Each structure stands twice: as C-alpha cells, then as structure tokens.
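how would this look folded up:
(one chain, ligands or ions: 3)
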Amino acid sequence: MLRDPSVKYRPFPQIDLPDRQWPSKTITRAPRWLSTDMRDGNQALIDPMDSEKKQRFFDMLVRLGVKEIEVGFPSAGAVEFDFISGLVRSGTIPDDVTIQILTQSRRDLIETSFKSLEGAPRAIVHLYNAVSPAWRKIVFGMDRQQIKQIAIEGAMIVRDEAAKRPETDWSFEYSPETFSTAELDFSLEVCESVMDVLRPTPEKPIIFNLPATVECATPNIYADQIEWFGRNIPNRDSVVISLHAHNDRGTGVAATELGLMAGADRVEGCLLGNGERTGNVDLVTVALNLYTQGVDPGLDFSDIDSVVKTVEYCTGIATHPRQPYVGDLVFTAFSGSHQDAIKKGFVVQEQRNDQFWEVPYLPIDPADLGRSYEAVIRVNSQSGKGGVAWVLEQDKGLKLPKRMQGDLSRHVQALADENSRELHAADIWGAFQTAYHLEGPQRFMLGDYEETRASNGDRIFVGRITVDGVERWVSGRGNGLISSVIAALKEQCGIELDVVDFSEHALSGGSDAQAAAYVECRTAAGKTVFGVGIDADVATASVRAVLGAANGV
Ligand SMILES: CC(=O)SCCNC(=O)CCNC(=O)[C@H](O)C(C)(C)COP(=O)(O)OP(=O)(O)OC[C@H]1O[C@@H](n2cnc3c(N)ncnc32)[C@H](O)[C@@H]1OP(=O)(O)O
Ligand SMILES: CC(C)C(=O)C(=O)O
Ligand SMILES: [Mg+2]
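Ligands and ions are numbered 1, 2, ... in the order given. Next up, the predicted model:
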C-alpha cells in the first residue's frame, strides 16, 4: 500500500484580517537595510569568516551604502568578540554607519556583548528569544509567562548595561524569534513588555524585528502578520518594524516585498541570500526588484561582479548561474526567439534614446550592474539567426543583411548539432568564413583589377583572377562595377548570376578602416548564393563579394 507522507504535516492557518490593506499598496520608497551577512549569514557557513574576511565583508557593505550592519554575535567566541571590539577600537566605522550585534537573552551573554562594544559611538543591541509554541514546548519547556519573562529580564539587563555606558548612542532591537509561527497576540504581548522596559520614543524608537525564522507559510500570511502587528502595537511612531525572512519555501523575497506593502520599515537579510538552511532573504534581489520599479534602493550595485566575488570569497559558497540579477547566465539568451527579441530591443532602445529601459526579456539593463552586453546572446543548437548575427556583429562588426542571417544560421545550426555544445564567437566566425569562402584556396580568387569607363558611361572591369588555380585576365562591361564583374563571369567563365540584393557598410573608423560588402545572387538554375567581401577599399570589397558568390555556385 502506498504511504502518503504529507499526512505528517498540517496546513498553516489563515490570519483573521478580513479588512487587510496591504494587497492594494505599492512600495514607493526603499526601506532601511540591515545586513546580517556577518551574523546570520556567518553562523550558517561551514567555515565561519575569520577577521580578515569579516573586515573585507564589512568594507564592501560600507561601499555599497549599507548603513546598518549586524557585525556578529560577540558572545559566540574569541574570533567574534575580538573582531567586533577591534572594529570599534579602530575608529574606522563611518559616521553614517551603525553596527549591530546579536545576543541571546542571558545575563552573561548580554554583558559580554556590551563589553565588545565598549567605546562605540553608536550601536544597536539586538536581543532575541523564541516565542512560538513548538519552541516553548520543545526547546525551553516553558509556558507563555516564562517565555515573556526571558524577554523582560533580557531587556532589563540590556537597559542597565547601556546605562553604564552613556558615551555610546544606544539603540535597541528585539526579535520575537519564530514570530511567523507564533500566536500574534502572544508576540504582541512580549513586545509590549519589552517596550515597557526599554521605553522607546519617536526620537529613539525600538526596532521590533519580526522574523520568519523558518518560512512555513505562503508570503501573504507573513504580510497579514506584519499588517496585524503594525495595527496593534501601541505607540507605532516609537517602533521600527523590521522584516527578517528566511527562504525555506523559496518565497523569502516575496514575503519581504509583501511585508513592506504591509507597512514594515526595515529589511534584514544577506547578500545573495546566504544564511541558515535555504538562506536569509537576498538583499540584492529585494533591492534590485525595487530598482526595476523605479524606486532607488539607496544601495550601489553598479559593479555587481565584484560583489559576487567578495561574497564568494568570504562565504566559500559559489553563486548559482541563475541567481537573480547576478548569476552568470541571467542576462544570456540561447534560444532563437529570445535572441531575436533582444536584438530588436537593443536597436529600438538605441533609436528611441529616451531614459526608459524597454528591451524584451531583459528586466534590467545589464550595464546598470556593470555587466556587459557581450554575453547577452550566446549561441547553441537552440539559437536562431538573430543571435548568430548579433554575435558576429559584436565580435567582427559585420552587419549581415536579413536573408544572409538566415543562411548563416543554417550553417551554424548544423555546426551546433554536430558539436552538441555552445558555439563561441570564434566558432561562428569560422563557420562564416567557411560558408562564404573567405579562407583557403577558392575556385575564383581576385588578384587585382582595374575599372575604366567607356565613352557611353558603361563600366569596364578588367581583372586578374585565379580560376581553378590558373591565373587569367577577364573583363566585362556593365552599367556599374558589380554588373561588369557579373558580365565577366558570365562571358568568360560560364558562371551566370543575377544580383538580388547588395549592401555594404564601413567596418571600423580610423586610417585602417575596412568595408564589408554583401551580395545575394540567383543562379540560372534558381539556386541562391551569397557572397561577402571585406577590404580596405569599398569597391574592391564588392568585387570580392561577387567572386564569393561565384564560389558558392
Ligand atoms: C534564529 C537565529 O539565528 S538565533 C542566533 C543563533 N546563533 C547562534 O547560536 C550563534 C552563536 N551561538 C553560540 O556560539 C552559542 O550558542 C552560545 C555561545 C551563544 C551559547 O552557547 P551555550 O551556552 O553552550 O548553549 P546553547 O547555544 O546550546 O544554548 C542553549 C541554551 O540556551 C537557551 N536559549 C537559547 N536561545 C536563547 C535565547 N534567545 N535567550 C535565552 N536563552 C536561550 C536554550 O533554551 C538552552 O537552554 P538550556 O541549556 O537550559 O536547555
Ligand atoms: C535572531 C533572529 C532575528 C533570527 O535570525 C531569526 O529569527 O531568523
Ligand atoms: Mg535569521
């Protein structure tokens, strides 16, 4: 008989908030950001950061513009304590940056934590204890009253330790850990008791951080919980509501965004979503999601690759290639229809030349993150003509006419199928040279030529060309250079071509400028052949293009 393991789990109950307001709210400004990379992120690492890595992380966060940084858990051990007290004593914390530390609600740990902050100009002391039924029952073996008492006593110790050190401008944060799985009325009751001890004011508010310590419900539930708390907490103007989502169900970002709509003021998280289990909410994603809605997050991610490098170095964790905004592949299209749309998007974007970004399949301009356009389109067996043409244009400056793009794409497709791998720019250039007879000995090869004008205005082409390995002089007459070459081929080499399309463009500026010419011809048998010529001289490029087409017959 089949077992159904889902019977082990219970659904998360709805929140009784029928007049919820958050669904019709939008986020119009950035929240306060608190990075907990050096605490919650750090405590989740196989090898926690040493002082050198912590310092490097801190310096990066400052550069990014993060103003509140949880630098560690001072009572965890000597590395943590020494780093934090060293940072304070170094006097290098910028005036607009406030460090934060975390402590359990235990006297010895709180006292140690304050010692680590000795001499800090300002600091946030963050106190926590878990409040939800499972933790009360399993971890603490306590009832509601006893759990509340842990918070009250911890708050009193915090208050007294702070009072002993008036030289520091103290702020306080309290987390009813496991808030999202606790009864709302109980979390509120505990927070009110902490407020009674720490007596916040609008000038010196308390931060109530409301964690989804373990994400156990859909993000709308978290939003309901945040809105409920914001409506019911007394003296709301003396309270900063902070979100602290984890990502167990993969909806940490959504929960945070809905929590902001529900009235939260502040967001705690880690860059790239490091943190316990599936991670804390990813601050980069939340911030850049705001950015793409026209809201300045106040954080500088203009060199995102250097952020990734530093995070990877400090955490020892590799970034997934599809990690939002930062992964190696997130601005890359392999598939033909996406490539076609992106290529058109770039052209229209350049033509429109206004401030707005509108490129299909690219929700953000890679350049805003310091990423280049070069890798946006990459070619494999799923690619189409637009993508192939884009790579050739980026790599060699060649702007192929549309039908030639289609022709080249077929050659590239065959190569991709044959190789079963991504094709790089060099592969595509190789395929291009082979397809249009630009390399190696060819049936028709141009030596040199002269173009003269007949008395009636006709052009006369006289060229020294190699035909089947034998050098010969050929000549032809037409109303232009191309038609005179076509005539020479027809009359003296037996090759009959009709020109269907011709185009040319300059390849690069400066004294070594080159030109590219493209010709599409039809043979007497109705076959379509393409030719390409590249030369410093635009007329010579067109002669080469016609001979190229002859090589394709
Ligand atoms: C959701 C979060 O991220 S919370 C932050 C978690 N981070 C960390 O724990 C990293 C740093 N921690 C540490 O280095 C260590 O845990 C220390 C040094 C703080 C404490 O170590 P120890 O004293 O050896 O004990 P341990 O961590 O096992 O603590 C368990 C005890 O603390 C109690 N406890 C746990 N959390 C809290 C709290 N917030 N407030 C008060 N007591 C608490 C437990 O009930 C348990 O009590 P018991 O021994 O009576 O059963
Ligand atoms: C200590 C608290 C804020 C925490 O990290 C959590 O509950 O996830
Ligand atoms: Mg956490």
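
Could you measure from the residue nearest to Asp535 when sequence neighbours are not counted over to Ala488?
Once flanking residues are discounted, Asp535 sits nearest to Ala541: 4.1 Å by CB to CB, 6 or more residues apart in numbering. Any C-beta I mention is one placed from the backbone N, CA and C, and that applies to glycine too. Distance of Ala541 to Ala488, computed by CB to CB, to the nearest Å: 17 Å.

Between these two, tell me which one has more neighbours.
Set Ala541 next to Ala488 and count neighbours by other CB atoms under 10 Å: Ala488 wins out with 26 against 22.

hang on, the earlier thing: which other residues reach the helix or strand the residue nearest to Asp535 falls within?
Taking DSSP states H and E as the criterion, Ala541 maps to helix 538-551. When contacts are defined by CB atoms under 8 Å, 6 or more residues apart in numbering, helix 538-551 is touched by residues 436-438, 442-446, 449, 451, 461, 463, 465, 481-482, 485-486, 489, 493, 495, 497, 499, 502, 504, 506, 514-521, 529-535.

mind running it again at 6 Å?
436-437, 442-444, 446, 481-482, 485, 489, 495, 515, 517, 519, 521, 529, 531-535 (CB atoms under 6 Å, 6 or more residues apart in numbering).

Could you do stretch 223-242 as well?
15, 17, 20, 22, 184, 188, 200-202, 205-209, 258-259, 262-266, 268.

again, but for stretch 28-38
54, 57, 61, 66, 68-72, 260, 266-268, 270-271, 290, 297-298.

is ligand 2 contacted by that stretch?
No: for stretch 28-38, no contact with ligand 2 is found by CB under 6 Å from any ligand atom; the gap never falls below 6.9 Å.

What's the end-to-end length of that stretch?
End-to-end distance of stretch 28-38: 29 Å, with CA to CA, to the nearest Å as the criterion.

now the strands for the stretch 51-200 of the chain?
For the stretch 51-200 of the chain, the strands defined by DSSP state E, counting those that start in this stretch cover 68-72, 98-104, 122-130, 169-177.

How about the second one and ligand 1, any contact?
Yes: shown here: strand 98-104 in contact with ligand 1 (CB under 6 Å from any ligand atom) through Gln104.

Next, the angle from that strand to strand 68-72.
40 degrees (axes from the mean of the first three to the mean of the last three CA atoms, to 10 degrees).

Give me the residues contacting strand 98-104.
39, 68-71, 73-74, 109-110, 113, 122-124, 126-127.

Now with 7 Å, please.
The contact list for strand 98-104 (CB atoms under 7 Å, 6 or more residues apart in numbering) reads 34, 39, 67-75, 84, 87, 93, 109-110, 113, 116-117, 120, 122-129, 173.

List buried members of those by neighbour count.
When the contacts of strand 98-104 are checked for burial by 16 or more other CB atoms under 10 Å, the buried set is 34, 39, 67-75, 84, 87, 93, 109-110, 113, 116-117, 120, 123-129, 173.

Could you report the pLDDT at Tyr373?
At Tyr373, the pLDDT value in this model is 80.

still on that earlier bit, and the gap between the residue nearest to Asp535 and Met445?
Ala541 sits 15 Å away from Met445, going by CB to CB.

Could you do Val7 as well?
In terms of CB to CB, Val7 sits 78 Å off from Met445.

ditto for Gly469
Gly469 sits 9 Å away from Met445, going by CB to CB.

Who has more neighbours out of the two?
Met445 (17 against 9).

Three-state assignment for that one, please.
At Met445 the chain is in strand, as set by DSSP: H, G, I helix; E, B strand; the rest coil.

so how far is Ile241 from the residue nearest to it when sequence neighbours are not counted?
Sequence neighbours aside, Thr466 is the residue nearest to Met445 in space, at 4.3 Å (criterion: CB to CB, 6+ apart). Separation of Thr466 from Ile241 (CB to CB): 81 Å.

And the residue nearest to Asp535, what's its pLDDT?
98.

I'd like the next helix or strand past the helix or strand Gln351 falls within.
According to DSSP H and E, Gln351 maps onto helix 336-352. Sequence order places helix 385-396 as the next helix or strand after helix 336-352, per DSSP H and E.

for the record, mean pLDDT for that next one?
94.

which parts of the helix or strand just after it are buried?
For helix 385-396, the following helix or strand on the C-terminal side (DSSP H and E) is helix 402-419. Burial within helix 402-419, assessed by neighbour count using 16+ other CB under 10 Å, is assigned to Met404, Gln405, Asp407, Leu408, Ser409, His411, Val412, Gln413, Leu415, Ala416.

need the contact list for the fourth one.
Residues in contact with Leu408 (CB under 7 Å, 6+ apart) are Val388, Leu400, Phe432, Ala435.

most neighbours, which of those residues?
Val388 (28 neighbours).

now it: how far from Glu276?
For Val388, the distance to Glu276 - CB to CB - is 45 Å.

the residue most distant from the middle of this protein, which is it?
Ser455 (65.3 Å; CA atoms, centre = their mean).

hang on, that one is in a helix, isn't it?
No: Ser455: not assigned to a helix; according to three-state DSSP it is coil.

For Asp427, give its distance to ligand 1.
Per CB to the nearest ligand atom, to the nearest Å, Asp427 is found 49 Å from ligand 1.

typed the wrong thing, it's Cys521
From Cys521 across to ligand 1, the span is 71 Å (CB to the nearest ligand atom).

Can you tell me the element that residue falls in?
Here Cys521 is assigned to strand 515-523, by DSSP H and E.
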